[in-house]
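In: Next one to model:
(chains A and B)
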Amino acid sequence: MLRIKRVPTVVSNYQKDEAEEGAPRGGGCGRNCLNKCCIQGAKLPLYAFKKVNQTETEKGLLGHETKELPVEFLDSLLLGEWEDRVQRGLFRYDVTACETKVIPGQYGFIAQLNEGRHLKKRPTEFRVDKVLQPFDGSKFNFTKVGQEEVLFQFEASEDGEVQFLPNAPVSVENAPSVVAINVSPIEYGHVLLIPRILECLPQRIDHESLLLALHMAVEAGNPYFRMGYNSLGAFATINHLHFQAYYLAVPFPIEKAPTKKITTSAGGVKISELLNYPVRGLVFEGGNALQDLSNTVSDACICLQDNNIPYNVLISDCGKRVFLLPQCYAEKQALGEVSSELLDTQVNPAVWEISGHMVLKRKKDYEEASEENAWRLLAVVSLSEERFQEVNALIFEAIACAGNANEDIAERSLGEADDKPQSHEEVDAINNSSCPAMVSGTHECLVLQ
Amino acid sequence: MDSQLSLIEESFNNRYSSWVRDALDDLPDNFTITDPSISGHPIVFASRGFLKMSGYSREEVIGRNGRIFQGPRTNRRSVMEIREAIRQERAIEVNLLNYRKDGAPFWLLFRMSPVFGKEDGRVTHFVAVQVPIVSKKHRRNNGVSFSEDGESGGLREIVFGSCRREVCSDSLLEFDRVLALDSDSRGLEIQDSCEASDLEKQRAATAINNVLSVLVNYSESTGRSVCGKRCNLPGMSFISSSLHISLGRIKQSFVLTDPHLPDMPIVYASDAFLKMTGYDRHEVLGHNCCFLNGVDTDTATLNQIMESIQTERACTVRILSYRKDNSSFWNFLHISPVRNASGKIAYFVSVQIEEGSKNQDRHGLSPEMRQLSAVGAIKVAVRSLSMSAGTSKS
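Out: Numbering: from 1, shown residues only, chains lettered A, B, ... in the order given. The predicted model follows:
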């Protein structure tokens, strides 16, 4: 069994050291949490998003787009609720008082000096050789956070229109997904999206949850609001399904990296490989609908976790681009293959670090931060070229298999498109569905028709 | 919307006189001019050539953001590069896939350059030239077609799907061939990347220079000169155009004040603030907020504000404020420090809500929550935009 010792991040004011956890609490715990004891009668704001597929959105842009671009509604809600928690003093420190800079160089890595984030916590052992582990209710999970740390409930609207209820009951039957603050933020607006929180799902991506996260990125409508996911073994510290997100209005180095297209999936999702970036990874973009992008990415994620390969996901550009990065840092760390120089920085290369946003704990590291140092750390995170190609082969096989299952749907839309004058999107859909098989450099083209 | 259109016209005419439009219309190039200081960073001028190329009418384009020409296949990384160039107030040249009004995509060379005002060194406009990319190879290709109204000007040369990239494997080649067989003029595969020729780059550079020289000439006639190069004027501390763009998205009444300048003057005032108080922008910029106070304004409340500023804390008060016409209103005022990337206080933000105003959010977000959301958006903008080098002011 591979284990590493690290200081866990305190994401909630109700998170105790593991040693103090474990004693099950009786009813009415008195801290107004999200467990059965307190959930009765609880009310939280509810934001219901409109389910639009991406193609429609794009048509809207070409056609009758509104003239102005005010701050989007979800953006306002999130920022407003977050600032409210700032004023109520719920955070462990003021993240805007933490110094931050863009490191000079070609990529513009971002460094932040955050001396307060890891104070007052003891290093804990984490098992890093199992990407999927069962949910353990005795450990800290998000049902234990106080209701004041929850900003709002987030769900799909029933009638296809954006809805907002300032005071909606939290109903267990509804399987609410919630957005909560991270009390140790690494940037302004740092929140956690916890899909179907009361179902106590382990940290494991499924189609529905990834689509929910993509919807949140789309709804926020802000290219500087990114969402991220860390699998177990890739520096997730809490085994309760969650995505993270925050605002940082500078481009991330990973977003600037050039890419090379590998293939286009049956659903129109373009899959590329990152080039000239220290961490090898895949980029997913486009798709005939948001659902296509979501399905392709979640098929890939599910493939990785089923094969016990730790990975990180970055959702960027308002849900238009998704980066998938398999990694092996924790494994190397557990095997003693990481230099003490790197370990001394105590930087945990999770999704944000891999994307190029380095949160540093020591002033020395902050002052000496350079593109070279960032690159050196991230190079250790990356799979080797050989292993990456092996993993890609697994991913493309998984996507192709899953794609075949959707073939019927593709054919149906082909029939519909025939009757109408064709827009370029529809034509693309036809062209793609005429060759639904995945094509990739390492893979044969499976022609199915 | 009408008020925004008149704002656009006014801002353009004040800078360059109303004659500038005729002079710009005489230029044969495809270009647009945008104004970052107006909310939404809208297009304020579009050339005849550009309108012909894009298929839009002038009315459909003025007041809109340039993103309306992008579509599903537009490279997201190129879009990001343009966004960053705007924020860093620098020139950029990038190959871009845009869409005509009828939905047809085409490759163009996009070259953009900032225009600086001489009086304060701020970016007043961005000029963006679009040169359609012509491929020499296309004439040999199958399935190449011209746009329907291809007789006119530069449009004649636009070829859809003409920029073929080398394919990397046999299977991909196969895949491409399937796509190329489709002979519908819009159905041609648009390649993922495209290179402009030296000639096209030269055309873009010349076009930018032509537009800039017209703008420079006409700005001299109004006494508000512009130039194509950044002119550094030490001592001026108004905010950068990138911060302007971010702040312009926030549709609420607020001002930013700079505590590091004598008398803590206003350095930014939102449109909603000007509307609420009845002042013009030039009447408030550079002045302390105290012009909002009047005979019946409570001194104790003013002291409370002073104290919160001194202790660098946020505060919310209800205070009697006065408009320019001397009428008063109850102002539900929130003040908060705003820090820059060094973690130091750069500004104080004051967000005003007029008590009893029917200014309800259409989604039902409370005025208090919107007030806080403005504070949040401003904190993000100021922190992030002071991280990167190259803006007028950090």
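In: Where do the strands of the stretch 251-394 of chain B begin and end?
Out: For the stretch 251-394 of chain B, the strands defined by DSSP state E, counting those that start in this stretch cover B:254-257, B:266-269, B:315-322, B:328-339, B:345-354.
In: What is the third one packed up against?
Out: Read it as strand B:315-322. helix B:299-310, strand B:328-339 (3 or more Cβ pairs under 8 Å, 6 or more residues apart in numbering or on different chains; DSSP states H and E). In short, each C-beta sits where N, CA and C put it, glycine included.
In: Run the angle between the first one and strand B:345-354 for me.
Out: So that's helix B:299-310. Calculated by axes from the mean of the first three to the mean of the last three Cα atoms, to 10 degrees, helix B:299-310 forms an angle of 150 degrees with strand B:345-354.
In: Give the buried residues for helix B:299-310.
Out: Using 16 or more other Cβ atoms under 10 Å in any protein chain shown as the test for burial, helix B:299-310 gives B:Thr301, B:Gln304, B:Ile305, B:Ser308, B:Ile309.
In: So for A:Glu353, which of the helices and strands packed on strand B:315-322 sits nearest?
Out: With Cβ to Cβ as the criterion, A:Glu353 lies closest to strand B:328-339 of the helices and strands packed on strand B:315-322, at 23.1 Å.
In: What strands flank the closest one, and is each parallel or antiparallel?
Out: strand B:315-322 (antiparallel), strand B:345-354 (antiparallel) (DSSP bridges).
In: Nearest to A:Glu273, out of those?
Out: Of the strands paired with strand B:328-339, nearest to A:Glu273 by Cβ to Cβ is strand B:345-354, at 40.5 Å.
In: tell me the mean pLDDT for the closest one?
Out: Throughout strand B:345-354, pLDDT has a mean value of 96.
In: try stretch A:98-113
Out: 94.
In: Quick check: buried residues in that stretch?
Out: A:98-103, A:107-113.
In: Tabulate the CA atom coordinates of stretch B:277-292 in PDB.
Out: Taking C-alpha atoms only, stretch B:277-292 is exported to PDB below (Å, rounded to 0.1, in the frame of the first residue of the first chain):
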ATOM      1  CA  THR B 277     -26.300  61.700  -9.000                       C
ATOM      2  CA  GLY B 278     -26.800  63.800 -12.100                       C
ATOM      3  CA  TYR B 279     -23.100  64.700 -12.500                       C
ATOM      4  CA  ASP B 280     -21.000  64.300 -15.600                       C
ATOM      5  CA  ARG B 281     -17.900  62.100 -15.400                       C
ATOM      6  CA  HIS B 282     -15.400  64.900 -15.700                       C
ATOM      7  CA  GLU B 283     -17.200  66.700 -12.800                       C
ATOM      8  CA  VAL B 284     -16.500  63.800 -10.400                       C
ATOM      9  CA  LEU B 285     -13.200  62.300 -11.500                       C
ATOM     10  CA  GLY B 286     -10.400  63.700  -9.400                       C
ATOM     11  CA  HIS B 287     -12.800  65.000  -6.700                       C
ATOM     12  CA  ASN B 288     -13.400  63.800  -3.200                       C
ATOM     13  CA  CYS B 289     -16.800  62.100  -2.600                       C
ATOM     14  CA  CYS B 290     -17.900  64.900  -0.200                       C
ATOM     15  CA  PHE B 291     -19.800  66.700  -3.000                       C
ATOM     16  CA  LEU B 292     -22.500  64.100  -2.200                       C
END
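In: Good, wrapping up.
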